[in-house]
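A.B. asks: the sequence isn't on hand, but the structure is:
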(Lines give C-alpha, C1' and ligand atoms only; values in the text may rest on other atoms or scores of the structure.)
Protein backbone atom coordinates (compact mmCIF):
# COMPACT_ATOMS: atom_id res chain seq x y z
CA UNK A 1 0.00 0.00 0.00
CA UNK A 2 1.41 3.38 -0.96
CA UNK A 3 0.70 6.36 1.28
CA UNK A 4 1.37 9.91 0.09
CA UNK A 5 2.83 12.16 2.79
CA UNK A 6 2.24 15.93 2.97
CA UNK A 7 5.95 16.80 3.38
CA UNK A 8 9.37 15.32 4.01
CA UNK A 9 9.10 16.57 7.60
CA UNK A 10 6.65 13.75 8.24
CA UNK A 11 9.35 11.18 7.49
CA UNK A 12 11.61 12.82 10.08
CA UNK A 13 8.77 12.82 12.60
CA UNK A 14 8.08 9.13 11.97
CA UNK A 15 11.75 8.31 12.53
CA UNK A 16 11.78 10.30 15.81
CA UNK A 17 8.56 8.65 16.99
CA UNK A 18 10.00 5.24 16.16
CA UNK A 19 12.74 5.86 18.73
CA UNK A 20 10.40 6.92 21.56
CA UNK A 21 6.94 5.46 21.06
CA UNK A 22 6.11 1.76 21.55
CA UNK A 23 3.03 1.96 19.31
CA UNK A 24 5.13 3.25 16.41
CA UNK A 25 7.77 0.59 17.07
CA UNK A 26 4.98 -1.98 16.87
CA UNK A 27 3.95 -0.63 13.46
CA UNK A 28 7.46 -1.31 12.16
CA UNK A 29 7.37 -4.82 13.65
CA UNK A 30 4.16 -5.54 11.73
CA UNK A 31 5.00 -3.89 8.39
CA UNK A 32 7.96 -3.57 6.04
CA UNK A 33 8.20 0.17 5.38
CA UNK A 34 10.02 1.87 2.51
CA UNK A 35 10.23 5.66 2.37
CA UNK A 36 10.43 7.63 -0.86
CA UNK A 37 10.63 11.42 -1.16
CA UNK A 38 6.99 12.14 -0.27
CA UNK A 39 5.48 8.72 0.22
CA UNK A 40 5.86 5.49 2.10
CA UNK A 41 5.06 1.99 0.96
CA UNK A 42 3.95 -0.54 3.53
CA UNK A 43 3.76 -4.29 3.13
CA UNK A 44 2.55 -6.51 5.96
CA UNK A 45 5.12 -8.98 7.21
CA UNK A 46 4.43 -12.70 7.04
CA UNK A 47 1.49 -13.66 9.21
CA UNK A 48 -0.06 -10.17 9.24
CA UNK A 49 -2.74 -8.47 7.14
CA UNK A 50 -3.13 -4.79 6.28
CA UNK A 51 -5.31 -3.07 8.85
CA UNK A 52 -6.21 0.52 7.82
CA UNK A 53 -6.60 1.50 11.47
CA UNK A 54 -2.85 0.89 11.91
CA UNK A 55 -2.16 3.79 9.55
CA UNK A 56 -4.58 6.01 11.47
CA UNK A 57 -2.86 5.11 14.75
CA UNK A 58 0.58 5.79 13.25
CA UNK A 59 -0.58 9.27 12.19
CA UNK A 60 -2.11 9.87 15.62
CA UNK A 61 1.14 9.16 17.47
CA UNK A 62 3.43 10.86 14.95
CA UNK A 63 1.49 14.16 15.09
CA UNK A 64 3.07 14.74 18.51
CA UNK A 65 6.49 14.88 16.80
CA UNK A 66 5.53 17.49 14.19
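C.D. replies: Yep, that arrived. Given the structure is predicted, the values throughout are model-derived calculations rather than measurements. Numbers count the residues shown, from 1 in each chain.
A.B. asks: what is the neighbour count of the residue lying closest to residue 31 once chain neighbours are set aside?
C.D. replies: Beyond its immediate neighbours in the sequence, the residue positioned closest to residue 31 (C-beta to C-beta, 6 or more residues apart in numbering) is residue 42, lying 4.4 Å away. The way it works is simple: take the backbone N, C-alpha and C, and place the C-beta from them, glycine included. The local packing count at residue 42 equals 19, with neighbours defined by other C-beta atoms under 10 Å.
A.B. asks: helix, strand, or coil at residue 42?
C.D. replies: Classification of residue 42 by DSSP: H, G, I helix; E, B strand; the rest coil places it in strand.
A.B. asks: confidence score at it?
C.D. replies: Model confidence at residue 42, given as pLDDT, is 96.
A.B. asks: and for the one 5 residues further on?
C.D. replies: The predicted structure scores residue 47 at 95 on the pLDDT scale.
A.B. asks: spell out the secondary structure type for it.
C.D. replies: coil.
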